[in-house]
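Asker: Dropping a prediction and its sequence here:
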Amino acid sequence: MKPAFDINGAEFVEFGVGLDEGKNERFTLVPVDSTVQAVLKQMAIATRAEMHGVRPNATAYEPSEKYDSPEHLFVPTDDDMASRFKEIHTASNINPEATALADPSNIFCYFARFKFRKDKKHLTAVRRATSFKGILKSPLIRFLGESLRIVQEQTFKLDHDFDVLVDDDRVYILRPAGFEFVGHLDAEIAKAVPANIQSVKSDLPYVDFTAIQTYAIDHPRAARYLASIRSQKLAKGVDKAYLKKLCKSTKVVVHDAGGKLEVDPASIMDFLGVLDRRLYQVELVKDSPESFRASSRSPIT
């Protein structure tokens, strides 16, 4: 996270929610007073501190990876995976709506935008709405005068921190699950399959991707592998002979037909796993090679 933002120095703090209204989702602002704005600033500061506690510099988010929380990851704002957050961050026509909290069950996220008078840039923070939703089932009590009374008003609970922070260049991720939920990641990645195929195909012109594209559109995990291969440029420089050798050793069925490698439909996920560096072989016992699948992997540097 860039240290340029003095969050406490933000002159304007906008608060809003994302509303799920059946087939449509929309964002709206909700008026808040200075005390709520102060809490939102502290939440953003806590989020940045937690990210730095994981590691000083963010690493690139990989859609095929299985992450825990907390993390310190980033996605460029011009990436398809960040489109929902870029929309919240850059929108200039979000109108205030005082009744937006009338039905808490419709709220899927809430956000804050921190704006600075001297700088056109601003910071946006987003959180999946879990504990924030109105407390409806359990009655709350408070002192009124000298006795306890039931709180009649709708009550909402802000969290300690946000899931993501957004600036003009990057979406910084503390909780991958929140990022994926608010960003409708599987849907965005599915829409990007044709473009990701074209990108990977340019590096692997000797592979027939027809069946792979059809499969990935309907299978989110395959689409995530493709997105990871494209974003990490893992297909660049892959040698055809070495690719065939690794496929054979990891029992991935491919056929060389007219100079093109055709992947057996039953082996598509494993073929993508090979390209995503998740299927590998070791031989520690002489003449006894062993093949493995990595559920998570990071390079040794």
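Answerer: Thanks, I have the structure now.

Asker: Can you pull the poorly scored residue ranges out of the stretch 1-150 of the chain?
Answerer: By pLDDT under 70, the low-scoring segments of the stretch 1-150 of the chain are 1-4, 119, 133-150.

Asker: Tell me where it has helices.
Answerer: 34-54, 83-90 (DSSP state H, counting those that start in this stretch).

Asker: Need the winner for burial among those.
Answerer: Compared across these, helix 83-90 shows the largest average neighbour count, a mean of 18 (mean count of other CB atoms under 10 Å). For the C-beta atoms, the positions are set from N, CA and C on the backbone; glycine is no exception.

Asker: Which elements pack onto that helix?
Answerer: strand 107-116, strand 119-128, strand 164-166, helix 176-182 (3 or more CB pairs under 8 Å, 6 or more residues apart in numbering; DSSP states H and E).

Asker: From the chain's centroid, how far away is that helix?
Answerer: On the basis of CA atoms, centre = their mean, to the nearest Å, helix 83-90 is displaced by 13 Å from the centre of the chain it belongs to.

Asker: what angle do it and strand 119-128 make?
Answerer: Inter-element angle recorded for helix 83-90 and strand 119-128: 130 degrees (by axes from the mean of the first three to the mean of the last three CA atoms, to 10 degrees).

Asker: if we can go back for a sec, kindly reformat the helices and strands packed on helix 83-90 as JSON lines containing mean neighbour count and distance to Y67.
Answerer: Listed next are those as JSON lines, based on neighbours: other CB atoms under 10 Å; distance: least, CB to CB, whole Å:
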{"stretch": "strand 107-116", "mean neighbour count": "22", "distance to Y67": "19"}
{"stretch": "strand 119-128", "mean neighbour count": "20", "distance to Y67": "15"}
{"stretch": "strand 164-166", "mean neighbour count": "28", "distance to Y67": "13"}
{"stretch": "helix 176-182", "mean neighbour count": "20", "distance to Y67": "4"}
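
Asker: can you redo the ones you listed as a markdown table with distance to A192?
Answerer: Listed next are these as a markdown table, based on distance: least, CB to CB, whole Å:
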| stretch | distance to A192 |
| --- | --- |
| strand 107-116 | 22 |
| strand 119-128 | 21 |
| strand 164-166 | 19 |
| helix 176-182 | 14 |
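
Asker: Compare the ones you listed and report which one is nearest to P220.
Answerer: helix 176-182 (10.5 Å; CB to CB).

Asker: Report the buried residues of the next helix or strand after the closest one.
Answerer: Going down the chain from helix 176-182, the next helix or strand is helix 185-191, by DSSP states H and E. The neighbour-count check on helix 185-191 (16 or more other CB atoms under 10 Å) flags 185, 188-190 as buried.

Asker: Which strands and helices lie in contact with helix 185-191?
Answerer: Judged by 3+ CB pairs under 8 Å, 6+ apart, helix 185-191 is in contact with helix 220-231.

Asker: helices and strands around the helix it packs on, which ones?
Answerer: Partner elements for helix 220-231 (3+ CB pairs under 8 Å, 6+ apart): helix 185-191, helix 193-203, helix 210-218, helix 268-275.

Asker: Comparing those helices, which comes out most buried?
Answerer: Comparing the helices and strands packed on helix 220-231 by mean count of other CB under 10 Å gives helix 268-275 as most buried, with a mean of 22.

Asker: returning to what we had before: how about a markdown table for the helices and strands packed on helix 220-231, with distance to P63 added?
Answerer: As requested, these are exported to a markdown table (distance: least, CB to CB, whole Å):
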| stretch | distance to P63 |
| --- | --- |
| helix 185-191 | 6 |
| helix 193-203 | 10 |
| helix 210-218 | 12 |
| helix 268-275 | 12 |
